[in-house]
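Visitor: Whatever this is, show me its structure:
(one chain, ligands or ions: 1)
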Amino acid sequence: MNLVPRMLAMCASMGFLALAACSPPAPQVGGAAPAAAAAPKPVASDAPYSLADFAKVRKFDAHVHANGADPMFLQQARADNFELLSINVDYPDFPGIELQHVAALQLAKDDPQRFHWAATFSMKGFGTPDWLARTNKRLDDEVAEGASAVKVWKNIGMVEKDAKGQLIKLDDPGLSPVADHIQSLGVPLIAHQAEPYNCWLPLDKMTTDNDREYFSKHPDYYMYLHPEMPSHEDLMAARDRFVAAHPQLKFVGAHMASLEYDVDVLAAFLDRYPNATVDLAARMSQVQYQSIRNREKVRDFFIRYQDRLMYGTDLTQAPDADPVVFKAEAHAYWSSDWRYLATGQSQRIEMLKADVPGLALPREVIDKIYYRNAVREFGLKDQSAAL
Ligand SMILES: [Zn+2]
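Guide: This is a model prediction of the structure:
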């Protein structure tokens with residue numbers, strides 16, 4: 001069976017799939033109407049933020065995909081007081097990386113204060129003599145144009161093969177000079193490696209309905225059925241060797257570094273690699289699954305690692321998206337996450353078939369996870385005080 005091209009057809013991430021399929025987790029949102037204009041920053045308080053604070057607090061979504069220059073994403077970001085990091089990615093179901101690049105330049109020109117972007121590169125020609133020079137030149141050019149990071153995707157590890165027909169892992173020696181070059185440019189490398197752990201589990205052991213439903217309908221992408229493919233552990237080990245080999249590289253593990261299934265495992269990763277941070281994109285239901293069972297443990301994790309976590313969603317603006325529908329979805333998704341992380345209010349999460357109480361994280365922690373960590377990591381201007 002030719003798994004490779006079909007693997008490429010797989011969604012950029014399972015959480016992204018839920019968004020792309022227009023089925024965010026049915027958030028129940030209240031009291032978080034978009035702000036018409038910048039409001040004063042709320043005064044410091046021991047009480048957690050409320051739903052009404054949502055639009056007042058400067059926020060940063062560190063993992064989105066604006067796959068078109070239509071202003072709809074920026075318009076909603078302004079309404080909900082977000083800055084965006086739009087991550088270009090060599091994903092076949094997205095417009096090509098050149099088109100993503102053009103869209104990013106346009107949106108950054110339209111609103112340089114709200115819109116930031118990450119470059120990427122193609123693995124086409126990897127291992128040939130000019131691939132390295134071409135790739136590093138491309139990254140030089142894109143960082144000079146304003147790219148704030150570089151992204152690698154799970155095609156490294158699960159799709160791309162070397163001349164011998166072996167899957168190329170992130171710790172392949174041929175990628176090391178690119179990592180060194182990215183480090184010399186001073187920008188982080190964002191790495192999406194592997195898939196949610198559920199992808200390697202039998203259906204009855206999966207934690208969320210969206211994964212269970214997706215993998216039961218897409219057996220080709222369901223790693224539990226493909227023991228010839230690398231295990232989750234293999235992919236994590238290759239990633240870990242790479243991070244260990246580049247201790248000065250700013251490393252961002254996309255999607256909670258694919259360790260979304262257990263905050264203890266993610267904590268151990270962060271403890272082992274001080275140069276690593278993670279984004280939370282498209283994995284909130286996995287965190288909520290854990291917090292239903294032990295809210296204090298999950299809350300303590302966020303507080304302990306408050307400097308290492310960056311809020312993100314994987315919200316994806318398709319080139320032909322309907323602006324009204326897209327903006328409503330983005331607002332609902334952002335509002336639901338705010339309710340969960342910032343407030344103590346419960347909400348129904350359909351993919352868990354459960355009511356999930358909010359974590360009510362301290363304001364200082366929210367300010368870091370939702371803004372300051374991203375500004376620091378991506379070397380951007382802190383604009384929260386300018387409101
Ligand atoms: Zn993504």
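Visitor: Please, which helix or strand holds Lys151?
Guide: strand 149-152 (DSSP states H and E).
Visitor: neighbouring contacts of the helix or strand following that strand?
Guide: Following strand 149-152 in sequence order, the next helix or strand is helix 155-158 (DSSP H and E). Applying CB atoms under 8 Å, 6 or more residues apart in numbering, the contact partners of helix 155-158 are 7-8, 90-91, 123, 167-170, 172, 175, 193-195, 229-230, 235, 238-239. The C-beta positions use only the backbone N, C-alpha and C, and glycine is treated the same way.
Visitor: now what about the strand holding Lys151, what contacts it?
Guide: Counting by CB under 8 Å, 6+ apart, 85, 87-89, 118-121, 139, 142, 170, 182, 185, 187-192, 252, 254, 378 sit against strand 149-152.
Visitor: Buried subset of the contacts of helix 155-158, written for PyMOL?
Guide: In PyMOL, this line selects whichever of these come out buried by 16 or more other CB atoms under 10 Å:
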select buried, resi 7+90+91+123+167+168+169+170+172+175+193+194+195+229+230+235+238+239
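Visitor: circling back to that earlier point, please name the strands paired to the strand holding Lys151 in the sheet, noting orientation.
Guide: strand 115-120 (parallel), strand 189-191 (parallel) (DSSP bridges).
Visitor: buried stuff in stretch 58-69?
Guide: Neighbour counts over stretch 58-69 (16+ other CB under 10 Å) mark Arg58, Lys59, Phe60, Asp61, Ala62, His63, Val64, His65, Ala66, Asn67, Gly68, Ala69 as buried.
Visitor: repeat for stretch 238-258
Guide: In stretch 238-258, counting by 16+ other CB under 10 Å, buried: 238-240, 242-243, 246, 249-258.
Visitor: and of those residues, the nearest to Phe301?
Guide: If you rank those by distance to Phe301 using CB to CB, Met256 comes first, at 10.7 Å.
Visitor: In contact with the closest one: list those residues for me.
Guide: Leu266, Val278, Asp279, Leu280, Arg283, Gln286, Val287.
Visitor: Please narrow these to those residing in strands.
Guide: Residues of the contacts of Met256 located in strands (DSSP state E): Val278, Asp279.
Visitor: and the contacts of Met256, which two are the farthest apart?
Guide: Asp279 and Gln286, at 13.4 Å, using CB to CB across the contacts of Met256.
Visitor: just how off-centre is stretch 293-313 within its chain?
Guide: 15 Å (CA atoms, centre = their mean, to the nearest Å).
Visitor: and it, which residues are buried?
Guide: Neighbour-count burial for stretch 293-313, counted by 16+ other CB under 10 Å, picks out 295, 298-299, 301-302, 305-306, 308-313.
Visitor: Looking at the spatially most central residue of the chain now. What's its pLDDT?
Guide: Geometric centre of the chain, nearest residue: Ala281, 3.5 Å, by CA atoms, centre = their mean. With respect to pLDDT, Ala281 scores 98.
Visitor: surely it meets Gly312?
Guide: Yes: Ala281 is within contact range of Gly312, at 3.6 Å (criterion: CB atoms under 8 Å).
Visitor: Need the residues touching each of the two.
Guide: Joint contacts of Ala281 and Gly312 (CB under 8 Å, 6+ apart) are Ala62, His63, Ala254.
Visitor: one step back: now, which of the buried residues of stretch 238-258 sits nearest Tyr224?
Guide: Nearest to Tyr224 among the buried residues of stretch 238-258, with distances taken as CB to CB, is Ser258, at 15.4 Å.
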